[in-house]
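Chemist: Build me a model from this:
(chains A and B)
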2 protein chains.
Amino acid sequence: MPHDTSKPRPSAHALVVFAHPEPQSFNGTLKNTAVTTLREQGYAVEVSDLYGEGFDPAEGPAHYRERADLGVFAPLAEQRRAYEQDILAPEVQREIDRLERADLVVFQFPLWWHAQPAILKGWMDRVFVNGGLYTSSMRYNLGYFRGRRALVSVTTGGPAETFAHNGRGGDIDLLLWPLHYSLHYMGFTVLPAFRAHGIQGNGYAYQDESAFQAHLEHSRQAWRARLHQLDETEPLRFVDWDDWDESGRLKPGVEGYDYFIRARP
Amino acid sequence: MPHDTSKPRPSAHALVVFAHPEPQSFNGTLKNTAVTTLREQGYAVEVSDLYGEGFDPAEGPAHYRERADLGVFAPLAEQRRAYEQDILAPEVQREIDRLERADLVVFQFPLWWHAQPAILKGWMDRVFVNGGLYTSSMRYNLGYFRGRRALVSVTTGGPAETFAHNGRGGDIDLLLWPLHYSLHYMGFTVLPAFRAHGIQGNGYAYQDESAFQAHLEHSRQAWRARLHQLDETEPLRFVDWDDWDESGRLKPGVEGYDYFIRARP
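Modeler: Have a look, this model is predicted:
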């Protein structure tokens, strides 16, 4: 059932986190599609263009003007202190501000080495600040961003078949699991990822430019359709706090989760 | 059975890839332990200190002095061309040279957001060069580094129980799967990861300094023991080319792999 676009969502905000170095890439096109499609639905849309804004993905001492401990750099302790003292690096604070405004966060990236590109991994390393955006009691279904939605849009070089559960590229759900679980850890309601497969870069490994354009247009339309169905999309199912015992192990009999654990042989 | 240290391996080389911003960290200590222990066994050891050497993890156009296409940056096409023209960025060429010398590659890093830190992810994005270190026919068990071994040493903040197959932190084998599968893709024989759990950073969340030091010493000894048993360690089992059908799906009846896929419900 398509989303009723005649009923705009005047107060809704979306953030699109874009992690590809080339604006004219397949990923760049899908990012633009997300911006346009969400605006049509009444979202106010912001974009974190990680490459375009020169985001430094390496968490480290260089990002802390003042330090809790000048001798030894302990990332979690420094994050906590910088948050409490309100002296986070400006680009980290900017990303947090963007997240604060967003009811929906979309991540657009290519699958590089079975995971998100380093620039997006580092955005997580730096922006999901310990002691501020999560604590030992504020995570998973009690996480900071609970009630908000997150959605991954990923492209792969290999064809769809090879990313099936028995495919050579690796089960895409397992490959995305560390990222999806991190989003759940932060409290997000995580929607199933949108995937565009078989993308080898503009003009690379396509028979000709028209084959590339046809593939791009097909993916663009599929992505538009997905974005129009967000309200009808069943989110991924994760285990909640109530399902763990005191040692952090799953209580017996808990079922119905997606890709958390599998039966051991 | 402990490794016979009286029989040195005079020709063996090891590379330790270190991905933590603080040399005095728990990770830094384990890195030093690896260097010392491997040297005792007769390895010539090099270290890629990604933070210390200022490795830039963001693959992008800035790293290409000359481009195949100045209009649109397609990472795979540019990697291939730079390799073929022998004009890779100096730091990428340096890492490849180090890998070429290494019979054993050890990765030392903390688990951040259910994966390796961005600086290590970006090392993979940039150093595992398309068209040079892998091609469509040179990967998996036919990969460039076939016959060489890779070993991950990872630290986690949470305790070991929570990283069990039914643990709240996530099954550590599933979390490491994208990295392990990437190493297999490059041809490495992948040894099971060494894990040190419950590490919260120096002086952070420990009762006192002596509790931290006791934990550190315990992990150091366990790591030493693992490094002395490499030749007796059964590697992870991956699916080989012969096990795929023409569409890249697993042939019926193939079993005996570790964490590649699980039965779907």
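Chemist: Can you pull out the low-pLDDT segments for chain A?
Modeler: Within chain A, the ranges that satisfy pLDDT under 70 run A:1-10, A:201-207, A:256, A:258-265.
Chemist: just so I have it, where are all the strands in it?
Modeler: Secondary structure of chain A (DSSP state E): strands located at A:13-18, A:44-49, A:104-110, A:149-155, A:189-196.
Chemist: what is the orientation angle of the longest one with strand A:104-110?
Modeler: To tie it back to what came earlier, the one meant is strand A:189-196. Angle between the axes of strand A:189-196 and strand A:104-110 is 30 degrees (criterion: axes from the mean of the first three to the mean of the last three CA atoms, to 10 degrees).
Chemist: Now strand A:189-196: buried residues?
Modeler: Using 16 or more other CB atoms under 10 Å in any protein chain shown as the burial criterion, the residues of strand A:189-196 that qualify are A:189, A:190, A:191, A:192, A:193, A:194, A:195, A:196. C-beta coordinates here come from the backbone N, C-alpha and C atoms, glycine included.
Chemist: Could you measure from the closest residue in space to residue A:141 that isn't next to it in sequence over to residue A:138?
Modeler: By the measure of CB to CB, 6 or more residues apart in numbering or on different chains, the closest residue to residue A:141 outside its immediate chain neighbours is residue A:240, 4.6 Å from it. Noted for residue A:240: a distance of 14 Å to residue A:138, by CB to CB, to the nearest Å.
Chemist: The strands of chain A into JSON lines, with extra columns for distance to residue B:173?
Modeler: Compiled in JSON lines, the strands of chain A are given as follows (distance: least, CB to CB, whole Å):
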{"stretch": "strand A:13-18", "distance to residue B:173": "28"}
{"stretch": "strand A:44-49", "distance to residue B:173": "32"}
{"stretch": "strand A:104-110", "distance to residue B:173": "24"}
{"stretch": "strand A:149-155", "distance to residue B:173": "22"}
{"stretch": "strand A:189-196", "distance to residue B:173": "21"}
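Chemist: wait, what's in contact with residue A:145?
Modeler: By CB atoms under 8 Å, 6 or more residues apart in numbering or on different chains, the residues touching residue A:145 are A:99, A:133, A:186, A:187, A:188.
Chemist: Filter the residues you listed down to the buried ones.
Modeler: If you count burial by 16+ other CB under 10 Å, the buried members of the contacts of residue A:145 come out as A:99, A:133, A:186, A:187, A:188.
Chemist: ok, so of the contacts of residue A:145, who is nearest chain B?
Modeler: Each of these was checked against chain B using CB to the nearest CB; the closest is residue A:186, at 9.4 Å.
Chemist: Touching, the closest one and residue A:147? I think so.
Modeler: No: Residue A:186 is not in contact with residue A:147 according to CB atoms under 8 Å; the separation is 11.8 Å.
Chemist: which bits of the stretch 1-150 of chain A sit near chain B?
Modeler: A:21-22, A:24-25, A:51, A:56-61, A:69, A:71-77, A:112-119, A:121-122, A:124-125, A:128, A:140 (CB under 8 Å from any CB of the partner chain).
Chemist: and stretch A:243-257 with chain B, contact?
Modeler: Yes: using CB under 8 Å from any CB, stretch A:243-257 reaches chain B at A:244, A:247, A:248, A:249, A:250.
Chemist: again with stretch A:209-222
Modeler: No: contact check for stretch A:209-222 against chain B, using CB under 8 Å from any CB: none in range, with a minimum separation of 10.9 Å.
Chemist: How far off centre is that stretch?
Modeler: Computed by CA atoms, centre = their mean, to the nearest Å, the chain-centroid distance of stretch A:209-222 equals 23 Å.
Chemist: Quick check: end-to-end length of stretch A:161-168?
Modeler: End-to-end span of stretch A:161-168 (CA to CA, to the nearest Å): 8 Å.
Chemist: Please work out which residues outside that stretch touch it.
Modeler: Contact with stretch A:161-168 is made by A:156, A:158, A:169-173, A:175, A:195, A:197, B:140, B:239, B:244, B:247-250, B:261-262, B:264, as judged by CB under 8 Å, 6+ apart.
Chemist: And stretch A:243-261, by the same measure?
Modeler: Contact with stretch A:243-261 is made by A:173-174, A:177, A:180-181, A:236-239, B:158-159, B:161-162, B:164-171, B:174, as judged by CB under 8 Å, 6+ apart.
Chemist: thinking again about what came up before, so which of the contacts of residue A:145 comes closest to residue B:32?
Modeler: Comparing the contacts of residue A:145 against residue B:32 with CB to CB picks out residue A:133 as the nearest, at 32.6 Å.
Chemist: Now do the phi/psi pair for that closest one.
Modeler: Its backbone dihedrals place residue A:133 at phi -90, psi -10, with angles given as degrees, to the nearest 10.
Chemist: Please verify my assumption that residue A:146 contacts residue A:187.
Modeler: Yes: judged on CB under 8 Å, residue A:146 makes contact with residue A:187 at a distance of 3.8 Å.
Chemist: Going by residue numbers, what spans are helices in the stretch 1-150 of chain A?
Modeler: For the stretch 1-150 of chain A, the helices defined by DSSP state H, counting those that start in this stretch occupy A:26-40, A:75-84, A:90-101, A:118-127.
Chemist: Out of these, the one nearest residue A:230 is which?
Modeler: Of all these, it is helix A:26-40 that lies closest to residue A:230, at 9.1 Å by CB to CB.
Chemist: quick check, distance from that closest one to the centre of its chain.
Modeler: Helix A:26-40 has its C-alpha centroid displaced from the chain centroid by 15 Å (CA atoms, centre = their mean).
Chemist: For that helix, buried residues please.
Modeler: Under the neighbour-count criterion of 16+ other CB under 10 Å, helix A:26-40 has A:26, A:27, A:28, A:29, A:30, A:31, A:32, A:33, A:34, A:35, A:37, A:38 buried.
Chemist: relative to strand A:104-110, how tilted is that helix?
Modeler: Helix A:26-40 runs at 160 degrees relative to strand A:104-110, counting by the same axes, to 10 degrees.
Chemist: So which elements touch helix A:26-40?
Modeler: Other helices and strands packing on helix A:26-40, by 3 or more CB pairs under 8 Å, 6 or more residues apart in numbering or on different chains; DSSP states H and E, are strand A:13-18, strand A:44-49, strand A:104-110, strand A:149-155, helix A:209-227.
Chemist: Now render these as CSV, adding mean neighbour count.
Modeler: What follows is these, written out as CSV (neighbours: other CB atoms under 10 Å in any protein chain shown):
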stretch, mean neighbour count
strand A:13-18, 25
strand A:44-49, 18
strand A:104-110, 25
strand A:149-155, 23
helix A:209-227, 15
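Chemist: Adding distance to residue B:84, write these out as JSON lines.
Modeler: Shown next, in JSON lines, are these (distance: least, CB to CB, whole Å):
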{"stretch": "strand A:13-18", "distance to residue B:84": "30"}
{"stretch": "strand A:44-49", "distance to residue B:84": "31"}
{"stretch": "strand A:104-110", "distance to residue B:84": "22"}
{"stretch": "strand A:149-155", "distance to residue B:84": "25"}
{"stretch": "helix A:209-227", "distance to residue B:84": "22"}
